[in-house]
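Q: Take a look and give me a structure for this.
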Amino acid sequence: MLKKITVLILVLVLALSTTFSFAGMPQYTLSISTNLNRVARNNVIQISGEVLVDGNPKVGTDVTLKVESVDGQSIPFVDQLITDSYGKFVVDIKAHADLFNLGTYVVYVNAVGKMESVEFEVVSGRATPTPTPTPTPTPTPTPTPTPEDPEDEAEPEETEQGTVVVKGEEGEEVATIVVDNEKIVAEIDDETVEIEIEAAVEGVDKVVVELSTELLEVATEKGLPIVIDAGHARLEIPAGLLGDLAEGTVSLTMEMLSEEEVAEALEKMDTLIEHEAVSELIYFDLTLDGEPLEFEGEITITIPITLDENGDPRKIGIYYLNEETGELEFVGGVINEEEGTITFTVTHFSMFMAMQLNKTFDDIAIPWAQEYIEVLASRHVIKGIDDDTFAPNNNITRAQFATLLVRALDLDLAEETVTFGDLSKGAWYEESVLIAASQGIVKGFNNKFDPNGHISREAMATMIVRALQLADIENEYLPTEVKFTDEISNWASDYVSIAYKEGIVTGFSDVEFGSSQKATRAQAAVMIYRLLETLGKF
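A: Okay, here's the model as predicted:
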(Lines give C-alpha, C1' and ligand atoms only; values in the text may rest on other atoms or scores of the structure.)
Protein backbone atom coordinates (compact mmCIF):
# COMPACT_ATOMS: atom_id res chain seq x y z
CA MET A 1 0.00 0.00 0.00
CA LEU A 2 2.82 2.38 0.80
CA LYS A 3 4.49 1.59 -2.53
CA LYS A 4 1.31 2.39 -4.45
CA ILE A 5 0.91 5.75 -2.69
CA THR A 6 4.54 6.60 -3.42
CA VAL A 7 4.04 5.94 -7.14
CA LEU A 8 0.92 8.10 -7.24
CA ILE A 9 2.74 10.97 -5.52
CA LEU A 10 5.61 10.67 -8.00
CA VAL A 11 3.25 10.77 -11.00
CA LEU A 12 1.48 13.80 -9.54
CA VAL A 13 4.77 15.62 -9.00
CA LEU A 14 5.87 14.92 -12.58
CA ALA A 15 2.53 16.13 -13.91
CA LEU A 16 2.74 19.35 -11.92
CA SER A 17 6.32 19.86 -13.03
CA THR A 18 5.46 19.38 -16.73
CA THR A 19 2.56 21.78 -16.56
CA PHE A 20 4.64 24.42 -14.85
CA SER A 21 7.47 24.03 -17.36
CA PHE A 22 5.14 24.42 -20.41
CA ALA A 23 3.49 27.51 -19.01
CA GLY A 24 6.90 29.09 -18.57
CA MET A 25 8.11 28.54 -22.17
CA PRO A 26 8.47 31.70 -24.31
CA GLN A 27 5.75 32.28 -26.94
CA TYR A 28 7.10 33.33 -30.35
CA THR A 29 5.19 35.18 -33.06
CA LEU A 30 6.33 35.60 -36.69
CA SER A 31 4.52 37.86 -39.16
CA ILE A 32 5.38 38.96 -42.74
CA SER A 33 3.84 41.12 -45.45
CA THR A 34 4.61 42.76 -48.82
CA ASN A 35 4.11 46.35 -49.89
CA LEU A 36 2.68 45.15 -53.24
CA ASN A 37 0.77 42.12 -54.40
CA ARG A 38 1.76 42.73 -58.04
CA VAL A 39 5.16 43.88 -59.27
CA ALA A 40 6.36 44.51 -62.83
CA ARG A 41 9.51 42.76 -63.87
CA ASN A 42 12.67 44.77 -63.15
CA ASN A 43 10.78 46.69 -60.45
CA VAL A 44 11.21 46.34 -56.69
CA ILE A 45 8.95 44.69 -54.14
CA GLN A 46 9.54 45.05 -50.39
CA ILE A 47 9.16 42.16 -47.94
CA SER A 48 9.00 43.03 -44.24
CA GLY A 49 8.17 41.25 -41.03
CA GLU A 50 8.41 41.09 -37.27
CA VAL A 51 9.49 38.55 -34.67
CA LEU A 52 8.06 38.82 -31.14
CA VAL A 53 8.66 36.84 -27.99
CA ASP A 54 5.87 37.04 -25.43
CA GLY A 55 4.66 40.14 -27.26
CA ASN A 56 8.03 41.91 -27.12
CA PRO A 57 10.58 42.47 -29.94
CA LYS A 58 12.97 39.55 -30.51
CA VAL A 59 16.25 41.36 -31.21
CA GLY A 60 19.12 39.88 -33.27
CA THR A 61 17.20 36.82 -34.44
CA ASP A 62 18.25 34.96 -37.58
CA VAL A 63 15.64 35.01 -40.35
CA THR A 64 15.79 32.93 -43.54
CA LEU A 65 13.85 34.26 -46.52
CA LYS A 66 13.26 32.34 -49.75
CA VAL A 67 11.26 33.29 -52.85
CA GLU A 68 9.97 30.35 -54.87
CA SER A 69 7.73 30.07 -57.94
CA VAL A 70 4.31 28.72 -57.08
CA ASP A 71 5.04 25.52 -59.02
CA GLY A 72 8.29 25.04 -57.12
CA GLN A 73 10.36 25.02 -60.31
CA SER A 74 12.55 28.02 -59.56
CA ILE A 75 14.02 29.80 -56.53
CA PRO A 76 15.15 33.22 -57.78
CA PHE A 77 15.94 34.73 -54.39
CA VAL A 78 17.31 33.56 -51.00
CA ASP A 79 18.59 35.74 -48.15
CA GLN A 80 19.63 35.62 -44.49
CA LEU A 81 18.45 38.50 -42.31
CA ILE A 82 18.71 39.58 -38.67
CA THR A 83 15.97 41.37 -36.79
CA ASP A 84 16.73 44.91 -35.64
CA SER A 85 16.30 46.47 -32.22
CA TYR A 86 12.54 46.50 -32.76
CA GLY A 87 12.38 42.84 -33.78
CA LYS A 88 11.75 43.81 -37.39
CA PHE A 89 13.35 42.89 -40.72
CA VAL A 90 12.94 44.25 -44.24
CA VAL A 91 14.40 43.42 -47.65
CA ASP A 92 13.93 44.92 -51.12
CA ILE A 93 13.80 42.40 -53.97
CA LYS A 94 14.19 43.45 -57.59
CA ALA A 95 12.24 41.19 -59.95
CA HIS A 96 15.03 40.90 -62.51
CA ALA A 97 13.77 39.74 -65.91
CA ASP A 98 16.54 37.16 -66.11
CA LEU A 99 15.48 35.60 -62.79
CA PHE A 100 11.73 36.12 -62.54
CA ASN A 101 9.32 34.77 -65.13
CA LEU A 102 5.79 36.09 -65.26
CA GLY A 103 3.56 34.39 -62.71
CA THR A 104 2.93 33.88 -59.01
CA TYR A 105 5.68 33.57 -56.41
CA VAL A 106 5.62 32.56 -52.74
CA VAL A 107 7.82 34.17 -50.08
CA TYR A 108 8.73 31.69 -47.33
CA VAL A 109 10.18 33.09 -44.08
CA ASN A 110 11.63 30.93 -41.30
CA ALA A 111 12.56 32.18 -37.82
CA VAL A 112 12.38 30.93 -34.21
CA GLY A 113 11.14 27.54 -35.43
CA LYS A 114 8.18 29.04 -37.27
CA MET A 115 7.42 29.48 -40.96
CA GLU A 116 5.10 32.01 -42.62
CA SER A 117 4.42 32.69 -46.31
CA VAL A 118 2.91 35.35 -48.55
CA GLU A 119 2.30 35.45 -52.32
CA PHE A 120 2.89 38.10 -54.97
CA GLU A 121 2.59 38.19 -58.75
CA VAL A 122 5.19 39.24 -61.32
CA VAL A 123 3.60 40.89 -64.35
CA SER A 124 4.84 42.47 -67.55
CA GLY A 125 4.83 46.24 -68.16
CA ARG A 126 4.28 48.55 -65.22
CA ALA A 127 2.14 46.98 -62.52
CA THR A 128 -0.57 48.99 -60.85
CA PRO A 129 0.50 48.73 -57.20
CA THR A 130 -2.06 47.38 -54.78
CA PRO A 131 -0.62 48.14 -51.35
CA THR A 132 -0.98 45.67 -48.49
CA PRO A 133 -0.38 46.50 -44.84
CA THR A 134 3.31 46.73 -43.95
CA PRO A 135 4.66 46.64 -40.39
CA THR A 136 5.91 50.04 -39.28
CA PRO A 137 9.74 50.02 -39.14
CA THR A 138 9.79 52.01 -35.90
CA PRO A 139 7.44 52.05 -32.92
CA THR A 140 6.55 55.65 -33.68
CA PRO A 141 4.42 55.86 -36.84
CA THR A 142 5.83 58.21 -39.44
CA PRO A 143 3.17 60.68 -40.57
CA THR A 144 2.41 60.92 -44.27
CA PRO A 145 4.42 63.87 -45.63
CA THR A 146 2.52 66.87 -46.81
CA PRO A 147 3.54 68.13 -50.26
CA GLU A 148 5.70 71.21 -49.89
CA ASP A 149 4.44 72.59 -53.15
CA PRO A 150 0.70 73.23 -53.04
CA GLU A 151 0.63 72.79 -56.79
CA ASP A 152 1.65 69.11 -56.43
CA GLU A 153 -2.02 68.28 -56.08
CA ALA A 154 -4.53 70.56 -57.73
CA GLU A 155 -8.03 71.13 -56.52
CA PRO A 156 -10.58 68.75 -58.06
CA GLU A 157 -11.96 70.20 -61.27
CA GLU A 158 -15.54 69.57 -62.28
CA THR A 159 -15.96 68.91 -66.00
CA GLU A 160 -18.96 68.15 -68.15
CA GLN A 161 -18.37 64.43 -67.71
CA GLY A 162 -16.85 64.00 -64.26
CA THR A 163 -14.25 65.12 -61.73
CA VAL A 164 -10.57 65.52 -62.61
CA VAL A 165 -7.74 65.57 -60.07
CA VAL A 166 -4.19 66.30 -61.27
CA LYS A 167 -1.29 65.67 -58.92
CA GLY A 168 2.44 65.04 -58.96
CA GLU A 169 3.47 61.44 -58.50
CA GLU A 170 7.08 60.25 -58.67
CA GLY A 171 8.14 63.06 -60.96
CA GLU A 172 5.21 62.91 -63.35
CA GLU A 173 1.85 64.59 -63.67
CA VAL A 174 -1.03 62.17 -63.09
CA ALA A 175 -4.64 62.97 -63.89
CA THR A 176 -7.38 60.83 -62.38
CA ILE A 177 -10.82 61.22 -63.92
CA VAL A 178 -13.83 59.89 -62.03
CA VAL A 179 -16.56 59.66 -64.64
CA ASP A 180 -19.98 60.89 -63.50
CA ASN A 181 -22.57 58.26 -64.45
CA GLU A 182 -25.52 60.63 -64.51
CA LYS A 183 -23.77 63.18 -66.72
CA ILE A 184 -22.59 60.54 -69.19
CA VAL A 185 -25.92 58.72 -69.36
CA ALA A 186 -27.68 62.03 -69.99
CA GLU A 187 -25.42 62.68 -72.99
CA ILE A 188 -25.60 59.20 -74.54
CA ASP A 189 -26.66 59.34 -78.16
CA ASP A 190 -27.75 56.50 -80.41
CA GLU A 191 -24.22 55.71 -81.58
CA THR A 192 -21.65 55.83 -78.77
CA VAL A 193 -20.97 56.54 -75.12
CA GLU A 194 -18.46 59.37 -75.60
CA ILE A 195 -16.06 60.33 -72.80
CA GLU A 196 -13.94 63.23 -73.98
CA ILE A 197 -11.28 64.34 -71.52
CA GLU A 198 -8.54 65.64 -73.81
CA ALA A 199 -8.69 69.27 -72.65
CA ALA A 200 -8.80 68.34 -68.96
CA VAL A 201 -5.64 66.20 -69.11
CA GLU A 202 -3.52 68.25 -71.49
CA GLY A 203 0.17 68.08 -70.64
CA VAL A 204 -0.04 65.22 -68.12
CA ASP A 205 2.03 62.05 -68.39
CA LYS A 206 -0.45 59.58 -67.00
CA VAL A 207 -4.23 59.42 -67.20
CA VAL A 208 -6.43 57.14 -65.10
CA VAL A 209 -10.09 56.99 -66.11
CA GLU A 210 -12.39 55.48 -63.50
CA LEU A 211 -15.63 53.97 -64.77
CA SER A 212 -18.30 52.31 -62.68
CA THR A 213 -19.55 48.91 -63.79
CA GLU A 214 -23.02 50.45 -63.66
CA LEU A 215 -22.13 52.73 -66.58
CA LEU A 216 -20.68 49.79 -68.51
CA GLU A 217 -23.91 47.86 -67.98
CA VAL A 218 -25.95 50.77 -69.36
CA ALA A 219 -23.77 50.88 -72.48
CA THR A 220 -24.12 47.13 -72.90
CA GLU A 221 -27.90 47.24 -72.55
CA LYS A 222 -28.08 49.91 -75.24
CA GLY A 223 -25.61 48.05 -77.45
CA LEU A 224 -23.28 51.05 -77.64
CA PRO A 225 -19.48 51.19 -77.75
CA ILE A 226 -17.60 53.35 -75.26
CA VAL A 227 -15.17 55.89 -76.72
CA ILE A 228 -12.58 57.51 -74.44
CA ASP A 229 -10.55 60.37 -75.90
CA ALA A 230 -7.60 61.45 -73.77
CA GLY A 231 -5.64 63.31 -76.42
CA HIS A 232 -2.55 61.13 -76.51
CA ALA A 233 -4.77 58.07 -76.96
CA ARG A 234 -8.31 57.42 -78.13
CA LEU A 235 -9.88 54.07 -77.26
CA GLU A 236 -13.02 52.48 -78.62
CA ILE A 237 -14.37 49.64 -76.50
CA PRO A 238 -16.98 47.56 -78.37
CA ALA A 239 -20.46 47.19 -76.96
CA GLY A 240 -20.65 44.48 -74.32
CA LEU A 241 -16.91 43.86 -74.08
CA LEU A 242 -16.85 45.00 -70.44
CA GLY A 243 -20.53 44.62 -69.68
CA ASP A 244 -20.56 41.47 -67.55
CA LEU A 245 -18.44 42.41 -64.55
CA ALA A 246 -18.84 42.24 -60.81
CA GLU A 247 -19.84 45.50 -59.16
CA GLY A 248 -16.90 47.83 -58.71
CA THR A 249 -14.72 50.44 -60.38
CA VAL A 250 -12.95 49.82 -63.68
CA SER A 251 -9.74 51.84 -64.02
CA LEU A 252 -8.22 52.43 -67.44
CA THR A 253 -4.63 53.68 -67.30
CA MET A 254 -2.83 55.38 -70.20
CA GLU A 255 0.73 56.40 -69.45
CA MET A 256 3.36 57.97 -71.68
CA LEU A 257 6.64 56.58 -70.41
CA SER A 258 9.64 58.80 -69.75
CA GLU A 259 12.79 58.78 -71.87
CA GLU A 260 14.57 56.73 -69.20
CA GLU A 261 11.77 54.19 -69.09
CA VAL A 262 11.67 53.99 -72.88
CA ALA A 263 15.43 53.41 -73.02
CA GLU A 264 15.17 50.72 -70.35
CA ALA A 265 12.29 48.96 -72.14
CA LEU A 266 13.91 49.07 -75.57
CA GLU A 267 17.21 47.84 -74.17
CA LYS A 268 15.54 44.52 -73.44
CA MET A 269 14.42 44.05 -77.04
CA ASP A 270 16.58 41.87 -79.29
CA THR A 271 15.74 43.41 -82.69
CA LEU A 272 15.97 47.19 -82.79
CA ILE A 273 18.71 47.94 -85.31
CA GLU A 274 16.47 49.09 -88.16
CA HIS A 275 13.52 50.43 -86.13
CA GLU A 276 12.85 54.13 -85.65
CA ALA A 277 10.35 55.32 -83.03
CA VAL A 278 7.67 57.70 -84.36
CA SER A 279 5.43 57.90 -81.29
CA GLU A 280 5.55 57.89 -77.52
CA LEU A 281 5.85 54.54 -75.78
CA ILE A 282 2.44 54.22 -74.15
CA TYR A 283 1.53 51.78 -71.41
CA PHE A 284 -2.11 50.71 -71.15
CA ASP A 285 -3.61 48.87 -68.20
CA LEU A 286 -7.10 47.80 -67.18
CA THR A 287 -8.13 46.84 -63.65
CA LEU A 288 -11.27 46.13 -61.66
CA ASP A 289 -10.91 47.43 -58.10
CA GLY A 290 -7.14 47.27 -58.48
CA GLU A 291 -6.98 43.71 -59.82
CA PRO A 292 -5.89 42.96 -63.44
CA LEU A 293 -8.82 42.75 -65.83
CA GLU A 294 -8.54 40.67 -68.99
CA PHE A 295 -10.95 41.01 -71.87
CA GLU A 296 -12.05 38.85 -74.77
CA GLY A 297 -12.34 40.74 -78.02
CA GLU A 298 -10.63 43.70 -79.64
CA ILE A 299 -10.24 47.28 -78.45
CA THR A 300 -9.40 49.90 -81.08
CA ILE A 301 -6.75 52.48 -80.18
CA THR A 302 -5.67 55.62 -82.02
CA ILE A 303 -2.48 57.48 -81.06
CA PRO A 304 -0.62 60.43 -82.59
CA ILE A 305 2.59 59.84 -84.53
CA THR A 306 5.37 62.03 -85.89
CA LEU A 307 5.60 61.90 -89.67
CA ASP A 308 9.06 62.78 -90.96
CA GLU A 309 9.30 64.42 -94.38
CA ASN A 310 11.89 61.83 -95.32
CA GLY A 311 9.97 58.96 -93.74
CA ASP A 312 7.61 56.48 -95.37
CA PRO A 313 4.22 56.10 -93.62
CA ARG A 314 3.68 52.77 -95.38
CA LYS A 315 6.52 51.30 -93.32
CA ILE A 316 5.12 52.47 -89.98
CA GLY A 317 3.33 50.08 -87.69
CA ILE A 318 2.50 49.52 -84.05
CA TYR A 319 4.76 47.21 -82.07
CA TYR A 320 4.04 45.45 -78.80
CA LEU A 321 7.07 45.29 -76.52
CA ASN A 322 7.01 41.74 -75.20
CA GLU A 323 9.30 41.83 -72.16
CA GLU A 324 8.90 38.11 -71.58
CA THR A 325 10.38 37.08 -74.94
CA GLY A 326 12.49 40.17 -75.64
CA GLU A 327 10.74 40.50 -78.99
CA LEU A 328 9.09 43.39 -80.78
CA GLU A 329 5.78 41.94 -81.95
CA PHE A 330 4.24 43.64 -84.98
CA VAL A 331 0.62 44.64 -84.43
CA GLY A 332 -0.01 46.65 -87.61
CA GLY A 333 -2.20 49.69 -87.87
CA VAL A 334 -3.61 52.12 -90.41
CA ILE A 335 -2.02 55.55 -90.86
CA ASN A 336 -4.06 58.73 -91.25
CA GLU A 337 -1.49 61.12 -92.71
CA GLU A 338 -3.82 64.12 -92.61
CA GLU A 339 -4.46 63.78 -88.87
CA GLY A 340 -1.02 62.36 -88.04
CA THR A 341 -2.38 59.27 -86.28
CA ILE A 342 -2.24 55.51 -86.43
CA THR A 343 -5.19 53.26 -85.53
CA PHE A 344 -4.77 49.66 -84.42
CA THR A 345 -6.59 46.92 -82.52
CA VAL A 346 -5.40 44.97 -79.48
CA THR A 347 -6.57 41.90 -77.60
CA HIS A 348 -4.59 42.71 -74.46
CA PHE A 349 -3.00 45.74 -72.85
CA SER A 350 0.71 46.37 -72.40
CA MET A 351 3.34 48.75 -73.85
CA PHE A 352 2.85 49.86 -77.45
CA MET A 353 4.85 52.13 -79.74
CA ALA A 354 4.66 53.19 -83.39
CA MET A 355 7.88 52.49 -85.26
CA GLN A 356 9.18 52.69 -88.79
CA LEU A 357 11.19 49.73 -90.02
CA ASN A 358 13.36 50.32 -93.08
CA LYS A 359 13.97 46.76 -94.24
CA THR A 360 15.76 45.97 -97.50
CA PHE A 361 17.67 43.13 -99.17
CA ASP A 362 20.87 42.97 -101.19
CA ASP A 363 19.27 41.37 -104.27
CA ILE A 364 16.13 43.41 -105.02
CA ALA A 365 17.43 46.05 -107.44
CA ILE A 366 14.36 45.50 -109.62
CA PRO A 367 12.71 48.80 -110.60
CA TRP A 368 9.15 47.45 -110.77
CA ALA A 369 9.35 45.46 -107.51
CA GLN A 370 11.93 46.87 -105.08
CA GLU A 371 9.69 49.47 -103.45
CA TYR A 372 6.87 47.00 -102.88
CA ILE A 373 9.18 44.33 -101.48
CA GLU A 374 10.69 46.80 -99.01
CA VAL A 375 7.30 48.05 -97.82
CA LEU A 376 5.89 44.55 -97.29
CA ALA A 377 9.07 43.41 -95.56
CA SER A 378 8.91 46.46 -93.29
CA ARG A 379 5.34 45.50 -92.39
CA HIS A 380 6.36 41.87 -91.74
CA VAL A 381 4.16 40.50 -94.51
CA ILE A 382 7.02 38.93 -96.47
CA LYS A 383 10.41 37.65 -95.41
CA GLY A 384 13.65 36.87 -97.17
CA ILE A 385 15.20 33.44 -97.46
CA ASP A 386 17.71 34.91 -95.03
CA ASP A 387 18.25 38.35 -93.49
CA ASP A 388 19.98 39.81 -96.56
CA THR A 389 18.55 37.78 -99.45
CA PHE A 390 15.03 37.88 -100.88
CA ALA A 391 15.51 35.72 -104.02
CA PRO A 392 13.01 37.73 -106.09
CA ASN A 393 13.21 35.48 -109.16
CA ASN A 394 12.58 32.23 -107.32
CA ASN A 395 9.21 30.60 -107.93
CA ILE A 396 6.68 30.66 -105.10
CA THR A 397 4.62 27.68 -103.98
CA ARG A 398 0.87 27.52 -103.43
CA ALA A 399 1.38 27.11 -99.68
CA GLN A 400 3.76 30.07 -99.52
CA PHE A 401 1.36 32.37 -101.36
CA ALA A 402 -1.61 31.29 -99.22
CA THR A 403 0.49 32.04 -96.14
CA LEU A 404 1.32 35.53 -97.42
CA LEU A 405 -2.36 36.33 -97.98
CA VAL A 406 -3.34 35.11 -94.51
CA ARG A 407 -0.55 37.17 -92.96
CA ALA A 408 -1.30 40.28 -95.03
CA LEU A 409 -4.99 40.29 -94.08
CA ASP A 410 -4.49 38.91 -90.55
CA LEU A 411 -7.07 36.18 -91.11
CA ASP A 412 -8.36 33.65 -88.60
CA LEU A 413 -9.95 30.24 -89.03
CA ALA A 414 -13.61 30.48 -90.07
CA GLU A 415 -16.36 28.29 -88.62
CA GLU A 416 -16.64 26.13 -91.74
CA THR A 417 -13.35 24.29 -91.96
CA VAL A 418 -11.92 22.59 -95.02
CA THR A 419 -9.30 19.86 -95.06
CA PHE A 420 -7.03 18.45 -97.75
CA GLY A 421 -5.57 14.98 -97.92
CA ASP A 422 -2.08 16.08 -98.94
CA LEU A 423 -1.27 18.50 -96.12
CA SER A 424 1.51 17.23 -93.87
CA LYS A 425 0.41 17.24 -90.24
CA GLY A 426 2.28 19.92 -88.33
CA ALA A 427 3.91 21.39 -91.45
CA TRP A 428 4.83 25.08 -91.28
CA TYR A 429 2.10 25.93 -93.81
CA GLU A 430 -0.71 23.76 -92.41
CA GLU A 431 -2.43 26.41 -90.29
CA SER A 432 -2.27 29.13 -92.96
CA VAL A 433 -3.60 26.84 -95.72
CA LEU A 434 -6.48 25.69 -93.52
CA ILE A 435 -7.32 29.30 -92.63
CA ALA A 436 -7.23 30.36 -96.30
CA ALA A 437 -9.41 27.37 -97.23
CA SER A 438 -11.94 28.07 -94.47
CA GLN A 439 -12.23 31.66 -95.71
CA GLY A 440 -12.82 30.51 -99.30
CA ILE A 441 -9.56 31.94 -100.66
CA VAL A 442 -8.09 28.62 -101.78
CA LYS A 443 -9.75 25.52 -103.16
CA GLY A 444 -8.28 22.16 -103.88
CA PHE A 445 -8.94 19.50 -106.50
CA ASN A 446 -10.05 15.98 -105.57
CA ASN A 447 -9.37 16.72 -101.89
CA LYS A 448 -5.80 17.80 -102.63
CA PHE A 449 -4.17 21.23 -102.41
CA ASP A 450 -0.66 20.57 -103.76
CA PRO A 451 1.01 22.82 -101.16
CA ASN A 452 4.53 22.45 -102.57
CA GLY A 453 3.54 22.96 -106.19
CA HIS A 454 4.61 26.23 -107.82
CA ILE A 455 1.67 28.57 -108.23
CA SER A 456 0.71 29.88 -111.67
CA ARG A 457 -0.03 33.52 -112.38
CA GLU A 458 -3.70 32.81 -113.03
CA ALA A 459 -4.04 30.84 -109.78
CA MET A 460 -2.37 33.69 -107.92
CA ALA A 461 -4.78 36.22 -109.47
CA THR A 462 -7.67 33.97 -108.45
CA MET A 463 -6.58 33.82 -104.81
CA ILE A 464 -5.94 37.58 -104.78
CA VAL A 465 -9.45 38.42 -105.98
CA ARG A 466 -11.09 36.01 -103.54
CA ALA A 467 -9.12 37.72 -100.76
CA LEU A 468 -10.24 41.12 -102.06
CA GLN A 469 -13.90 40.07 -102.08
CA LEU A 470 -13.55 38.63 -98.58
CA ALA A 471 -11.95 41.77 -97.14
CA ASP A 472 -14.25 44.23 -98.91
CA ILE A 473 -17.77 42.81 -98.85
CA GLU A 474 -19.36 46.25 -99.29
CA ASN A 475 -18.20 46.54 -102.89
CA GLU A 476 -19.16 44.26 -105.73
CA TYR A 477 -16.26 43.33 -107.97
CA LEU A 478 -17.42 42.30 -111.42
CA PRO A 479 -15.38 41.03 -114.37
CA THR A 480 -14.89 43.01 -117.54
CA GLU A 481 -13.42 42.29 -120.92
CA VAL A 482 -9.65 42.17 -121.12
CA LYS A 483 -7.41 42.42 -124.15
CA PHE A 484 -5.19 39.47 -123.35
CA THR A 485 -5.06 37.04 -126.24
CA ASP A 486 -3.24 34.16 -124.56
CA GLU A 487 -5.35 31.36 -123.13
CA ILE A 488 -6.68 31.77 -119.60
CA SER A 489 -8.41 28.84 -117.87
CA ASN A 490 -12.19 29.10 -117.60
CA TRP A 491 -12.09 28.86 -113.80
CA ALA A 492 -9.65 31.79 -113.64
CA SER A 493 -10.77 34.13 -116.43
CA ASP A 494 -13.22 36.20 -114.34
CA TYR A 495 -10.71 36.54 -111.51
CA VAL A 496 -7.94 37.63 -113.88
CA SER A 497 -10.34 40.15 -115.40
CA ILE A 498 -11.24 41.65 -112.00
CA ALA A 499 -7.62 41.73 -110.85
CA TYR A 500 -6.61 43.49 -114.06
CA LYS A 501 -9.46 46.01 -113.83
CA GLU A 502 -8.54 46.87 -110.21
CA GLY A 503 -4.89 47.36 -111.17
CA ILE A 504 -3.67 44.44 -109.08
CA VAL A 505 -2.15 42.51 -112.00
CA THR A 506 -0.68 43.48 -115.34
CA GLY A 507 0.46 41.42 -118.29
CA PHE A 508 3.88 40.79 -119.76
CA SER A 509 2.63 42.91 -122.63
CA ASP A 510 -0.61 44.56 -123.65
CA VAL A 511 -1.91 41.27 -125.04
CA GLU A 512 -0.11 38.58 -123.03
CA PHE A 513 -0.91 37.78 -119.41
CA GLY A 514 1.20 34.65 -119.06
CA SER A 515 -1.51 32.81 -117.20
CA SER A 516 0.18 29.41 -117.02
CA GLN A 517 3.64 30.72 -116.18
CA LYS A 518 4.94 30.07 -112.70
CA ALA A 519 4.81 33.17 -110.50
CA THR A 520 7.93 34.55 -108.86
CA ARG A 521 8.44 35.88 -105.35
CA ALA A 522 8.80 39.41 -106.73
CA GLN A 523 5.51 39.14 -108.67
CA ALA A 524 3.76 37.83 -105.57
CA ALA A 525 5.03 40.80 -103.52
CA VAL A 526 3.79 43.30 -106.10
CA MET A 527 0.33 41.70 -106.28
CA ILE A 528 -0.09 41.59 -102.50
CA TYR A 529 1.04 45.19 -102.17
CA ARG A 530 -1.53 46.28 -104.77
CA LEU A 531 -4.20 44.24 -102.98
CA LEU A 532 -3.51 46.06 -99.72
CA GLU A 533 -3.42 49.38 -101.55
CA THR A 534 -6.81 48.64 -103.12
CA LEU A 535 -8.18 47.88 -99.65
CA GLY A 536 -6.92 51.22 -98.33
CA LYS A 537 -4.28 49.72 -96.05
CA PHE A 538 -1.71 52.29 -97.25
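Q: For the chain, name the helix or strand with the lowest mean pLDDT.
A: For the chain, counting by mean pLDDT, DSSP states H and E, helix 2-23 ranks last in confidence among helices and strands (a mean of 35).
Q: Could I get the buried residue list for the helix or strand following that one?
A: Scanning forward in sequence from helix 2-23 by DSSP states H and E, the next helix or strand is strand 28-34. In terms of neighbour count (16 or more other Cβ atoms under 10 Å), strand 28-34 has its buried residues at 29-30, 32-34. Backbone N, C-alpha and C define where each C-beta goes, glycine included.
Q: Tabulate those residues (CSV), appending pLDDT and distance to E187.
A: Formatted as CSV, those follow (pLDDT from 0 to 100; distance: Cβ to Cβ, whole Å):
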residue, pLDDT, distance to E187
T29, 91, 56
L30, 93, 55
I32, 94, 49
S33, 92, 44
T34, 90, 42
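Q: Which member of those is positioned nearest R379?
A: Of all these, R379 sits closest to T34, with 43.3 Å by Cβ to Cβ.
Q: of all the buried residues of strand 28-34, which comes closest to D205?
A: Lowest distance from D205 to the buried residues of strand 28-34 (Cβ to Cβ) belongs to T34, with 26.6 Å.
Q: Remind me which helix or strand Y105 belongs to.
A: Per DSSP H and E: Y105 is located in strand 103-111.
Q: what angle separates that strand from strand 28-34?
A: Taking axes from the mean of the first three to the mean of the last three Cα atoms, to 10 degrees, strand 103-111 and strand 28-34 form an angle of 150 degrees between their directions.
Q: and the helix or strand following strand 103-111, which residues are buried?
A: Toward the C-terminal end, the helix or strand that comes next after strand 103-111 (DSSP H and E) is strand 114-123. By 16+ other Cβ under 10 Å, the buried positions in strand 114-123 come out as 118, 120-123.
Q: same deal with stretch 108-115?
A: By 16+ other Cβ under 10 Å, the buried positions in stretch 108-115 come out as 108-109, 111-112.
Q: Among these, which one sits closest to A399?
A: When these are compared against A399 (criterion: Cβ to Cβ), the nearest one is Y108, at 52.0 Å.
Q: quick revisit: tell me how confident the model is about the strand holding Y105, as a mean pLDDT.
A: The average pLDDT within strand 103-111 is 91.
Q: go on, stretch 250-266?
A: For stretch 250-266, mean pLDDT is 85.
Q: go on, stretch 46-65?
A: For stretch 46-65, the per-residue pLDDT averages 90.
Q: Endpoints of it, how far apart?
A: End-to-end span of stretch 46-65 (Cα to Cα, to the nearest Å): 12 Å.
Q: again with stretch 467-484
A: End to end - Cα to Cα - stretch 467-484 spans 23 Å.
Q: List the buried residues for that stretch?
A: Applying 16+ other Cβ under 10 Å to stretch 467-484 flags 467-471, 477, 482, 484 as buried.
Q: min pLDDT across these, which one?
A: V482 (85).
Q: Please tell me I have it right and that residue contacts V496.
A: Yes. Using Cβ atoms under 8 Å, V482 is in contact with V496, at 6.9 Å.
Q: Common neighbours of these two, please.
A: Taking Cβ atoms under 8 Å, 6 or more residues apart in numbering as the contact rule, V482 and V496 both touch F513.
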